[in-house]
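**Q** structure for this input, please:
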Amino acid sequence: MGRTCCNNACVNTANDPTNCGACDVRCTGATPYCDGACTSPPCSVDAGGCGVGQSCCGPTCCGTGQLCCERQGPVSGQPVCHTPTAQEPTCPQGCAPLCASDRTIKADLAPVDERAILQQVAALPLSTWRYTADPSSVRHLGPMAQDFKAAFGLGDTDKGYHSIDAHGVSLASIKALFQLVQEQDARLRRLEGENAALKATCGPR
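**A** As a prediction, this is how the structure comes out:
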């Protein structure tokens, strides 16, 4: 179970109620939740806790038209309600079980300035926090989606960021740091050589 191409789009059949387990398998009725197969949504709300027209979804209740979705990447957790949009008509796919990254499904490739990305990472505010649906004992660490979007201009929303974009930012920063270390090593070797040459010229004191 994993990434599959359905109708010219790559989907996660483990978490797509419109392609659950296989292409065009739709989860409806009493089993609207996709966990590799259509099933009833997990529910931890007390009996009768959801109002008329609502449905239980983990620790919360979804409204009419919302989907109960498994939370995927960069942090997994209890299911959440998702309001379908034209850009994201089904559950957010995250990077589970893998990030689709085949060259043949990409367009408009452009090089990046890795050092500029490193500078943006250095200025990116980070904090620890918990999701409002998490127990008070749970903590996560990372940026706010709005700050990530403002810094890098990646993705299609400022309410979340794609794991694959976070991976790319991290790899670009690592490459920039490696280049800086290589340059500093070369400068150090040059200075050590110059120092040795001066000692040889001046002789021992």
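
**Q** against Q87, how distant is R189?
**A** R189 is 52 Å from Q87, where distance means Cβ to Cβ, to the nearest Å. For the C-beta atoms, the positions are set from N, CA and C on the backbone; glycine is no exception.

**Q** for those two, indicate the residue with more neighbours.
**A** Neighbours were counted for R189 and for Q87 using other Cβ atoms under 10 Å; R189 has more, 10 against 7.

**Q** tell me the SS of the more buried one?
**A** helix (DSSP: H, G, I helix; E, B strand; the rest coil).

**Q** check what pLDDT it gets.
**A** pLDDT recorded at R189 is 95.

**Q** next one: phi and psi at the residue nearest to the spatial centre of the chain?
**A** Nearest residue to the geometric centre of the chain (Cα atoms, centre = their mean): S163, 2.0 Å. The phi/psi pair for S163 (degrees, to the nearest 10) reads phi -60, psi -40.

**Q** so it touches S101, yeah?
**A** No. Judged on Cβ atoms under 8 Å, S163 makes no contact with S101 at a distance of 11.0 Å.

**Q** packing partners of the worst-scoring helix or strand of the chain on mean pLDDT?
**A** Lowest by mean pLDDT, DSSP states H and E among the helices and strands of the chain is strand 3-6, with a mean of 72. For strand 3-6, the packing partners by 3 or more Cβ pairs under 8 Å, 6 or more residues apart in numbering; DSSP states H and E come out as strand 9-12.
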